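Colleague: what follows is a predicted structure for the sequence shown.
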Amino acid sequence: MADPEKSIATGIIISNREIFKDHFLMILRVPADFRASVPGQFVMLRREEGDHPFLGRPFSIHSLYSMNGETVMEILYRISGMGTALIARLTADDRVTILGPLGRGFDVPVGKKKIVLVAGGMGIAPLFYLAEYCLEERRGELGETVLYFGAQSSHHLFGLDRLERLCSSLKLSTDDGTFGYHGPVTDLVAGDALSFERNDSTLFACGPYGMIKEMARIAEKFSIPCQVSVEEKMACGIGACLGCAVRASGENTSKRFMRVCKEGPVFDTREIDWNWREG
Amino acid sequence: MADPEKSIATGIIISNREIFKDHFLMILRVPADFRASVPGQFVMLRREEGDHPFLGRPFSIHSLYSMNGETVMEILYRISGMGTALIARLTADDRVTILGPLGRGFDVPVGKKKIVLVAGGMGIAPLFYLAEYCLEERRGELGETVLYFGAQSSHHLFGLDRLERLCSSLKLSTDDGTFGYHGPVTDLVAGDALSFERNDSTLFACGPYGMIKEMARIAEKFSIPCQVSVEEKMACGIGACLGCAVRASGENTSKRFMRVCKEGPVFDTREIDWNWREG
Amino acid sequence: MKDNNSRRLAVDIGGLVLKNPVMTASGTFGYGEEYAAYIDLSVLGAIVVKGLSITPREGNPPSRIMETASGMLNAVGLENVGVRAFIDEKLPFLREVDVPVIANILGDTVEEYCEVAHILSEAEGIHALEVNISCPNVAQGGIDFGVNPELAFKVTEGVKNATDLPVIVKLTPNVTDITEIAKSVEDAGADAISLINTLTGLSIDIEKRIPHLKNITGGLSGPAIKPVALRMVWEVVRAVSVPVIGVGGIMKAGDALEFLVAGARAVQVGTANFVNPRSTVEIIKGIAAYMERKGIDDIKDLIGTLKT
Amino acid sequence: MKDNNSRRLAVDIGGLVLKNPVMTASGTFGYGEEYAAYIDLSVLGAIVVKGLSITPREGNPPSRIMETASGMLNAVGLENVGVRAFIDEKLPFLREVDVPVIANILGDTVEEYCEVAHILSEAEGIHALEVNISCPNVAQGGIDFGVNPELAFKVTEGVKNATDLPVIVKLTPNVTDITEIAKSVEDAGADAISLINTLTGLSIDIEKRIPHLKNITGGLSGPAIKPVALRMVWEVVRAVSVPVIGVGGIMKAGDALEFLVAGARAVQVGTANFVNPRSTVEIIKGIAAYMERKGIDDIKDLIGTLKT
Ligand SMILES: Cc1cc2nc3c(=O)[nH]c(=O)nc-3n(C[C@H](O)[C@H](O)[C@H](O)COP(=O)(O)OP(=O)(O)OC[C@H]3O[C@@H](n4cnc5c(N)ncnc54)[C@H](O)[C@@H]3O)c2cc1C
Ligand SMILES: Cc1cc2nc3c(=O)[nH]c(=O)nc-3n(C[C@H](O)[C@H](O)[C@H](O)COP(=O)(O)OP(=O)(O)OC[C@H]3O[C@@H](n4cnc5c(N)ncnc54)[C@H](O)[C@@H]3O)c2cc1C
Ligand SMILES: Cc1cc2nc3c(=O)[nH]c(=O)nc-3n(C[C@H](O)[C@H](O)[C@H](O)COP(=O)(O)O)c2cc1C
Ligand SMILES: Cc1cc2nc3c(=O)[nH]c(=O)nc-3n(C[C@H](O)[C@H](O)[C@H](O)COP(=O)(O)O)c2cc1C
Ligand code: FES
Ligand code: FES
C-alpha cells in the first residue's frame, strides 16, 4: 500500500501568467517527492482556499523538472468555463491541491525511430512534455522528433523557440492562415504520412475531439500506430466515479466503456469507438 | 427614487489585521460618495470574488472618516463561523461588495447631557463610532461620555488609548478578573445607575444577547432610556426577506415582529419583547 | 415591444403581457418598495409580492434563516401584513410604478384562498394572482395543498371562480411526481404554473445540538436547488400546455436562460435579490445580450428550444 | 472497542458491528481498490461498493457528469462489472482488508434483485447488502421501485428471503413522503435504512442548447443536497425503529455529526471522496476529536440527541 500522505500534494504557485487571451501558463512548486511522471499523465488540480470550483479539474502535465533543488511543474491551460476562470485568478504564493500524476501516459516504444507529435491548440500541453522526455530521457535511442502544431491563429502558436530546440522539425498551420499552412494541422500530417516509415514511426496526438478523431482515421489509413490523449469530464480522476467514460472499440468486449482517467487519458486510437460522442 | 448605481459600493481593503486571537480590524477604502451614516448603522459585506460565503454578512460601522481625500471605513469583527473566517482571509487590495449604510442607527437626543455607552466584547464596534460622533459632531452640545466596557479577558479590552481620548471616563471589567472589575460589565452599570440623572442621561448598549437583555432590565428598573443594537441572522439586510425578526413588546400591536435590519438594529429596549429568543 | 437592444423580450402569461420574462419571486422582494433604492422597478417583467393571507400573520419565531452550501434555509413562515393592509399601505406605492403586480396568496382552507383572491380582484392595480399551494390545509390535518392532486385541484378551482384575474399556481417540489400536480391544476383552470417553491431542509448546530432554525425545518432556496428546479420545469413543460414560470436558484442571466431554453415562458428571481439587489436588472440585460450575440430577435424563438 | 482517543465509536447496524460509523457511499468509492493509495482502508467503518447487477451493465453514454453549485450531477447509469465478475475480480482484494464490505445491489425486476442477493450471500467476504431501490422496475413500465411503497415492500421482502445477510434498504429522496416508504421497507423486514440517494436534476448548456448530460437528467449529490438529506433522515428516524444511515453532502466531520445528532446510527460519505480522497479518514478523526472536546465517551450518547 502506498504511503497515503504522499498521494495528495500541495502546490505553491510561482507564477500564473496569461500568455495570450485566455491562455495561461502556471508554474508551481511541488513537493520534492512528487512522484516521477510519464508524459501524457495528468493531475487533478483544485484551489486550496474556498469551495469553488467544487471538483478538481484535470490538466496534463506540461513540464516537470528540478530547479534550484526544487521540483517544479508547469500547467498550460485555457479558460473554458467557471473552473478554469477561477484557477486563472490565482497568483504567486497561492496554494493548490494536486492529485497525481494520474492515468496512463504516452508509451514511447523502444526501437522506433521517428516520433511524430501532432498538437491541436492546447493539445501542445502534454506533447511539449513528451518532446522534452524524448530529448532528455531517450536521447540517442530515438531518431528524429517532428512536431505538427496547428492552432487558430498565429499568436496561438506560442513557445516555438522552446519547441524548436526540442524537435528536429516543426510543421505549423493556422485555421485563419496567419502563419504556416492555412487549414487543419491534420491535413499536413495526412499529406506527409506516406513518407513516414510505417514500422519505424509512431504518432502522438492531442487536441480537440474532431482533430484526434481525424488522427485515428489517418492512423488507420496509413497503418501507423497512433496514441492520443483524450478528454472527458472528470469528477474523481482516480477511477472511482466512472464519470469519464469513453466507448471501447470492438463488439466482443464486455467492457464497453473505458475510464479516461485510469485506462487513459492516452489510448491507442484503435482502442476507441470513435462514434462515442457527437463532437 | 435614489440613484440605484450608488447603493452598492465596492470596498478595497487597505488592511485586515488580527488584533488578537480571532478578532480583526478591517480598514477599507470606500467610494467618496459613500452616504453619510449614523453610528449604529451597519453594512452587508460580501467578498467580491467567488461565491462563498453565499450571503452577505452584517457588520456595524466601526468608524467612517476621510483620509488623504479618501473615504475610509473600519469594521471590527470576530471570527464566529465560516463566513467571518473567509472574510478574515482577505488581504490588502482585495475587494468586497458593500450594501449600506443600512438600518436605524443610534439616536442621540438633543439636550441630554450624559451619554453612557455600555459595550460587551465586540459590542464596542458601533459604540466606538458613536463615541467619535458624540465628540466630533455633537461637541459642546453634550455633556460627558462615559464608556463601560466589559470583555472576557484583559487582552480583549483593546483600543483603550483611542477610547480614552474619546470618552470622559472608562469603566472596565473582565469576566476572568484579569483587568478592572471581575464580573459582567452590567454589574458596574447597575452599581452606578442610581447616580445617573434620569432625565439627563441616555444609555447606549451593544453586546451579546444576555448582556443587552440585562441592560433592558436595568433601564427599566432605573427608568433611564436605553438604546441597544440587536443582532439577528440576516439574508438581505434591506427589509425584504423578513429573516431578521425580533419580537415587538406590547400585546395590542398587530406587528408582532420587527425587522432588525430596517426597524433596527438599534431599538429602545422598551420596543422589544425580551423573551423573543432563548439565548 | 422592443427593448434597447431591439430584441423582442415580451412574453404572455395567461393573457398578461410582460415586457420581459423576468419577475421577482414571492417573499424575496418584500412589497417592492424595499428595492426601489437599488433598481428602477419599472424595468421588471413583473413584481410578485410576499404571500398574502386574509388576516395578518406573525410568522415563525427566530432564528428564521441559515446559510447552507450555495443556498439558504428560511423558516420565515407566512409572515405578512394581511391582504387589507397590503391594499391600503403597500399597493398605492406599487400603483405608481409602471410594472405589473402579481399578488401571491395563501390560506389554511380553500375558503381563505378564495376570500383573499376575491378581495385582491376588487382592488385596483393587481394584474394576476399567484396561488402558493405549499401551505398546510388545516382542515385536512395540515397536509400541504401542494402535495395532493385533489387538494391542489380544489384550491385552484376555488380561486379561479373567485377572480377574473389570470391565476398562476405555484407548485412545491416536495413531491414524487410534479407532473401529476401540474396536470391537476391545469385541469382546474390554472392560467399558468410557476415552480419551484423551496425544498424542505434541515440544518443542525452541532455545538448546541439544536436545529439552526427555531421552526426546525425550513425551505431551501438558491443555486443549490437549481438543477432540481430545472428538471421539474422541463418535466412540467412537456406535461401541460399552459405557460410555465421557472423559479429556483437563478442568480445570473445564464441561469435564467437555462430555464427559458428548457421551456419556461418566464422566470422568477428569488434568493439572488438578497445577495445582490440588482440581480434582476443584470439578468434582464444579460438575456438581451445573449439574444443579440446569438442573433435571436424574439425571445419566443428561444423558449423551449432545448435539443434532447 | 476504543479508538486511539479512547472514545467508543463502534455502532451496530442490523447485527453488523462497525468500528466507527463512517462508511463510503455506493458508486463513489469504486470497488475500494481505487482508494488504497490514498487511505488505509481498514480504518473505515465499512466499504459500500458500486451497485451490482446480475449481468454487467455498460451505463450511459458520455457526458456523464457536470458540476453544479456545491454539487454535481451524474448520469453514470448503473455501469458495473456484474455480480460474478465482482466476486471473481474485485472481492479477493477486499477480503484482504480488515473492513466490512457491503454490496449495493440493483435490478430491473424483483427476481433480479433476489438473484444478485443470493449470489452475494454465497460469496465469502460480504458483510451486508444495501438494496438500491431507486432503479426503474421494467415490469412496471419503468417506475422506480423506490417511489412506490408496495414495490419497495416487494423488493425488500424478496431480498430478505434470498439472503441471511443484514439487509439495508437505500431510499430515494424523490418522493412526497419518505416516511411512508421507510415504514414500508421496515415492515418488509429491512434491517436498516440508508438515505438519501441523489435528487434528480438537470443542467443545460446554453451555448449549444443541449443538456450537459447525454442522459438529459442526472442525480444531484454533494453539499447542495445536505439540508434535504438531513431533513429526511430526521423524519425517518422518528418514523421507524430500525437503524438509519445518513447520506448526502457529507464533506467534513461537522456534516457527519449533524446526521448523527439527528439520529443516524451511521453515515456514508459519497461525493466528498472525489474532491478529497482522504475525506473519510479526516471525518473519522474529526468525529473522535469532537467527542473528546465534548467529553462524550460513547458515540451512542451522541446519536439522536437533537434538542427540538
Ligand atoms: C486528462 C485531461 C487533461 C487535460 N489537460 C488540459 C490542459 O493541459 N490544458 C487545458 O487547458 N485543459 C486541459 N483539459 C481540459 C480541462 O480539464 C477543462 O478545460 C476544464 O476541466 C474545464 O473546466 P471549467 O470549469 O473551466 O469548464 P466548465 O465550466 O466545466 O465547462 C466549460 C466547457 O469545458 C468543457 N469541459 C469541462 N470539463 C472538461 C474536461 N474534463 N474535458 C474536456 N472538456 C471539458 C465543458 O464541456 C464545457 O464546454 C484536460 C482534460 C483532461 C480530461
Ligand atoms: C446589525 C448587526 C451588526 C453586527 N456587527 C458586527 C460587528 O461589528 N462585528 C462582529 O464581529 N459581528 C457583528 N455582527 C455579527 C456578525 O454578523 C456575525 O458574527 C456573522 O454574520 C457570523 O457569520 P459567520 O458566517 O462567521 O457565522 P455562521 O457560520 O453563520 O454562524 C456562526 C455563529 O454565528 C451566529 N450568527 C450568524 N449570523 C449572525 C448574525 N447576523 N447575528 C448574530 N449572530 C449570528 C450563528 O448563530 C452561529 O452561532 C453583527 C450582526 C448584526 C445583525
Ligand atoms: C425568505 C423567503 C421567503 C419566501 N416566501 C414565499 C412566499 O411567501 N410565497 C411563495 O410562494 N414563495 C415564497 N418563497 C419561495 C420563493 O418565492 C422561491 O420559490 C424559492 O425561494 C426558490 O427560488 P430562489 O432559489 O430563486 O430563491 C420564499 C423564499 C424565501 C427565500
Ligand atoms: C457518481 C455516483 C455514482 C453513484 N452510484 C450509486 C450506486 O451505484 N448505487 C447507489 O445506491 N447509489 C449511488 N450513488 C449515490 C451515492 O451513493 C449517494 O447516495 C449520493 O451521492 C448522496 O451522497 P453524497 O452527497 O455524499 O454524494 C452514486 C453517486 C454518485 C455521485
Ligand atoms: S474521473 Fe472518476 S472514474 Fe474517471
Ligand atoms: S435581513 Fe432581510 S428583512 Fe432583515
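Modeller: On my side now, so go ahead. Numbering: from 1, shown residues only, chains lettered A, B, ... in the order given. Ligands and ions are numbered 1, 2, ... in the order given.

Colleague: the residue of the stretch 151-279 of chain A found nearest ligand 4: how many residues sit nearby?
Modeller: Here the stretch 151-279 of chain A gets closest to ligand 4 at one residue, residue A:241, 4.3 Å apart by CB to the nearest ligand atom. Yep, even glycine has a C-beta here, placed from its N, CA and C like the rest. For residue A:241, the neighbour count with other CB atoms under 10 Å in any protein chain shown is 29.

Colleague: tell me if I am right that it is in a helix.
Modeller: No. Counting by DSSP: H, G, I helix; E, B strand; the rest coil, residue A:241 is not found in a helix; it is coil.

Colleague: can you name the element that comes right after the helix or strand residue C:17 falls within?
Modeller: Assigned by DSSP states H and E, residue C:17 belongs to strand C:16-18. Toward the C-terminal end, the helix or strand that comes next after strand C:16-18 (DSSP H and E) is strand C:22-24.

Colleague: from ligand 4, how far off is the residue of chain C positioned farthest from its centre?
Modeller: Using CA atoms, centre = their mean, the residue of chain C lying farthest from its centre is residue C:207. It sits 35.3 Å away. Distance, residue C:207 to ligand 4, by CB to the nearest ligand atom, to the nearest Å: 23 Å.

Colleague: kindly report the same for residue C:225.
Modeller: Distance of residue C:225 to ligand 4, computed by CB to the nearest ligand atom: 14 Å.

Colleague: now do residue A:70
Modeller: Between residue A:70 and ligand 4 the computed distance is 37 Å (CB to the nearest ligand atom).

Colleague: hmm, the biggest helix by length in chain C touching ligand 3?
Modeller: Ranked by number of residues, the top helix in chain C under DSSP state H is helix C:279-294. No. Helix C:279-294 lies out of reach of ligand 3 by CB under 6 Å from any ligand atom, never closer than 9.3 Å.

Colleague: tell me the average confidence for that helix?
Modeller: Per-residue pLDDT values over helix C:279-294 give a mean of 96.

Colleague: list of residues touching that helix?
Modeller: By CB atoms under 8 Å, 6 or more residues apart in numbering or on different chains, the list of residues contacting helix C:279-294 from outside reads B:4, C:3-5, C:7, C:9, C:20-22, C:24, C:39-40, C:43-45, C:250-257, C:260, C:267, C:269, C:272-273, C:276, C:296-297, C:299, C:302, D:206.

Colleague: make it 7 Å
Modeller: Residues from elsewhere that reach helix C:279-294 (CB atoms under 7 Å, 6 or more residues apart in numbering or on different chains): C:3, C:5, C:7, C:9, C:20, C:22, C:24, C:39, C:43-44, C:251-253, C:256-257, C:269, C:272-273, C:299, C:302.

Colleague: what count of nearby residues applies to residue C:142?
Modeller: When counting by other CB under 10 Å, one arrives at 10 neighbours for residue C:142.

Colleague: same thing with residue A:151?
Modeller: Residues near residue A:151, counting by other CB under 10 Å, number 25.

Colleague: mind listing what it touches?
Modeller: A:121, A:157, A:174.

Colleague: go with 8 Å
Modeller: Going by CB under 8 Å, 6+ apart, residue A:151 touches A:120-121, A:157, A:173-175.

Colleague: that older thread, mind listing what's buried in the strand holding residue C:17?
Modeller: Neighbour-count burial for strand C:16-18 flags C:16, C:18 (criterion: 16 or more other CB atoms under 10 Å in any protein chain shown).

Colleague: let's verify the residue of the stretch 1-150 of chain A found nearest chain C: helix, strand, or coil?
Modeller: Per CB to the nearest CB, residue A:51 is where the stretch 1-150 of chain A lies closest to chain C, at 7.3 Å. Per three-state DSSP, the local secondary structure of residue A:51 is coil.

Colleague: quick check: it touching residue C:69?
Modeller: Yes. Residue A:51 is within contact range of residue C:69, at 7.3 Å (criterion: CB atoms under 8 Å).

Colleague: identify the contacts common to the two.
Modeller: Common neighbours of residue A:51 and residue C:69 (CB under 8 Å, 6+ apart) are D:70, D:223.

Colleague: between these two, who's got more neighbours?
Modeller: When neighbours are counted by other CB under 10 Å, residue A:51 and residue C:69 differ, and residue C:69 comes out ahead with 26 against 19.

Colleague: the more buried one reaches residue D:249, doesn't it?
Modeller: Yes. Residue C:69 lies in contact with residue D:249 (CB under 8 Å); the separation is 7.0 Å.

Colleague: list the residues that contact both of the two?
Modeller: Common neighbours of residue C:69 and residue D:249 (CB under 8 Å, 6+ apart) are D:71, D:222-224, D:226.

Colleague: circling back: for the residue of the stretch 1-150 of chain A closest to chain C, which non-adjacent residue is spatially closest?
Modeller: Distance criterion CB to CB, 6 or more residues apart in numbering or on different chains; nearest residue to residue A:51, sequence neighbours excluded, is residue B:52 at 5.7 Å.

Colleague: list the contacts of that neighbour.
Modeller: Going by CB under 8 Å, 6+ apart, residue B:52 touches A:50-52, B:82, B:86.
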